[in-house]
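Visitor: Sequence first, then the predicted structure:
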Amino acid sequence: MKETIYVATKSGLVISQRIQDIWRVGNRVLKDVNVTSIAAAKEILLAGTTRGIQRSDDNGQSWQVVKDGLSIPHVRWINFHPSISGLAFAGTEPAGIFVSTDAGRNWSTRPEVSALRDKHRWMLPYSPEAGCVRGFAFHGERIFAAVEVGGILVSHNAGATWALVAGSDGHPDLGSPPDGMIYPDVHDLAVHPSDPNLLSAATGGGFYRSRDGGASWTLLYPCYCRALWLDPNDPQHILLGPADQVGAVGRIEITRDGGKTWQPASGRLPVPWPRTMPERISQAGDELFAVLADGRLVSAPLATLDWAFVLGESRGVNAIAAEQ
């Protein structure tokens, strides 16, 4: 049986298959388009780009540009809801959240997110835009969103309305936050399937956890980090991509006690990488993938975490997705 992943790159979408334990490049589509993120559900693909969203009904053979309701074209992250059919979310730069209830054909903005962005003057250190939404985490109708630089948003009604969690004040202050609050430069987050109140977040100020749905936070690992992976079967088992500098001197580490202690988990890779770090960590079946900030891709079996570079001919990788 062939396994498929969709690799979003700065020069298009690469549809790759694992054949005899080797990932091989298949079709290349959306050539010369900066595909920032990709979501897959059966034969439907949604490609977030710097110029909007493109949609495919036939597993990437043909594409249509989506225009209805998407007033901010630069998409930073896109997801299908894992358990509510047809529900999809796009996070943008400047920071905005757009929701589709028809599998990505039409979109509508959430004005309260824009209002919070303007009220708190969200920002990006590397861009003139007012922040961005760069990740979502799902637990039934409760959905969380990571805002760089702005904090964490939550919806309790399947994305219909949004607000800041209590432990995130929305202020883009890159100094140390007050006790119990999360650092506002949030890059990635996860909610555990067995507990909607157990949140983990990778931020510019370190790895944080909340046990009360985001009302309060504990800093467990002071570092700069952008990527995390949470074991859906074990809330204590987490991978993190810390770095000693912004975008550099990065590696992969593991905890099996919920973040109290950490050990190296980069396998045989020569780390720290002097000029890059993990940008995203994603799971596809029994394998993990780490997208590095320099656009390279590494993967490892979940059972061994023996990492290796894959799809070396696919440079400029932004994200990967497997079919839900």
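Guide: Nice, thanks for sending it over.

Visitor: which residues of this protein score low on pLDDT?
Guide: Along the chain, the model assigns pLDDT under 70 to residues 1-2, 324.

Visitor: Mind exporting the C-alpha coordinates of stretch 205-223 to PDB?
Guide: The C-alpha trace of stretch 205-223 is given here as PDB (Å, rounded to 0.1, in the frame of the first residue of the first chain):
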ATOM      1  CA  GLY A 205      10.100  32.500  25.400                       C
ATOM      2  CA  GLY A 206      10.000  28.800  25.900                       C
ATOM      3  CA  PHE A 207       7.700  25.700  26.300                       C
ATOM      4  CA  TYR A 208       4.600  26.300  28.300                       C
ATOM      5  CA  ARG A 209       1.800  24.100  29.600                       C
ATOM      6  CA  SER A 210      -1.700  24.800  30.900                       C
ATOM      7  CA  ARG A 211      -3.900  22.400  32.800                       C
ATOM      8  CA  ASP A 212      -7.000  24.700  33.000                       C
ATOM      9  CA  GLY A 213      -7.800  25.400  29.300                       C
ATOM     10  CA  GLY A 214      -5.400  28.400  29.100                       C
ATOM     11  CA  ALA A 215      -6.500  30.200  32.200                       C
ATOM     12  CA  SER A 216      -3.000  29.900  33.700                       C
ATOM     13  CA  TRP A 217       0.400  28.800  32.300                       C
ATOM     14  CA  THR A 218       3.600  27.300  33.600                       C
ATOM     15  CA  LEU A 219       7.000  27.800  31.900                       C
ATOM     16  CA  LEU A 220       8.700  24.400  31.800                       C
ATOM     17  CA  TYR A 221      11.600  25.000  29.400                       C
ATOM     18  CA  PRO A 222      13.000  28.500  28.900                       C
ATOM     19  CA  CYS A 223      14.300  28.600  25.300                       C
END
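
Visitor: Would you mind confirming that Gln64 is in contact with Gln54?
Guide: Yes: Gln64 lies in contact with Gln54 (Cβ atoms under 8 Å); the separation is 6.8 Å. (Each C-beta comes from the backbone N, C-alpha and C, glycine too.)

Visitor: ok, these two, which is more surrounded?
Guide: Gln54 (23 against 12; other Cβ atoms under 10 Å).

Visitor: ok, the helix or strand where that one lies: who's next to it in the sheet?
Guide: For Gln54, the enclosing helix or strand under DSSP states H and E is strand 52-56. Looking at strand 52-56 with DSSP bridges, its partner strands are strand 44-49 (antiparallel), strand 64-66 (antiparallel).

Visitor: mind checking which of those strands is nearest Phe80?
Guide: Phe80 sits nearest to strand 44-49 of all these, at 7.2 Å, using Cβ to Cβ.

Visitor: Convert the C-alpha atoms of the closest one to PDB, please.
Guide: Once non-C-alpha atoms are left out, strand 44-49 reads as follows in PDB (Å, rounded to 0.1, in the frame of the first residue of the first chain):
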ATOM      1  CA  ILE A  44     -10.000  17.400  -1.100                       C
ATOM      2  CA  LEU A  45      -6.900  19.500  -0.700                       C
ATOM      3  CA  LEU A  46      -6.700  23.100   0.500                       C
ATOM      4  CA  ALA A  47      -3.400  25.000  -0.300                       C
ATOM      5  CA  GLY A  48      -2.700  28.100   1.700                       C
ATOM      6  CA  THR A  49      -0.500  30.500  -0.300                       C
END
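
Visitor: which residues are contacting it?
Guide: For strand 44-49, contacts defined as Cβ atoms under 8 Å, 6 or more residues apart in numbering pick out 6, 8, 13, 30, 33-40, 53-57, 59-60, 63, 75-78, 80, 88, 90, 103-104.

Visitor: try it again with 6 Å
Guide: 13, 33-39, 54-56, 60, 75, 78, 103-104 (Cβ atoms under 6 Å, 6 or more residues apart in numbering).

Visitor: thinking again about what came up before, okay, the strands paired with strand 52-56 in JSON lines with distance to Pro94 next?
Guide: JSON lines is the format used below for the strands paired with strand 52-56 (distance: least, Cβ to Cβ, whole Å):
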{"stretch": "strand 44-49", "distance to Pro94": "15"}
{"stretch": "strand 64-66", "distance to Pro94": "19"}
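
Visitor: List the ones among the contacts of strand 44-49 that fall in strands.
Guide: If you go by DSSP state E, the contacts of strand 44-49 have 13, 35-39, 54-56, 75, 78 in strands.

Visitor: part of a helix, is Leu116?
Guide: Yes: assessed with DSSP: H, G, I helix; E, B strand; the rest coil, Leu116 lies in a helix.

Visitor: where along the stretch 101-250 of the chain do the helices fall?
Guide: Along the stretch 101-250 of the chain, the stretches classed as helices by DSSP state H, counting those that start in this stretch are 111-120.

Visitor: where exactly do the strands run in it?
Guide: 108-109, 132-139, 142-148, 151-155, 163-164, 186-192, 195-203, 206-210, 218-221, 224-230, 238-245, 248-250 (DSSP state E, counting those that start in this stretch).

Visitor: Make TSV out of those strands and add mean neighbour count and distance to Pro178.
Guide: Putting those into TSV (neighbours: other Cβ atoms under 10 Å; distance: least, Cβ to Cβ, whole Å) gives the following:
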stretch	mean neighbour count	distance to Pro178
strand 108-109	16	31
strand 132-139	25	23
strand 142-148	26	18
strand 151-155	25	13
strand 163-164	16	14
strand 186-192	24	16
strand 195-203	22	15
strand 206-210	23	13
strand 218-221	18	11
strand 224-230	25	20
strand 238-245	22	23
strand 248-250	21	28
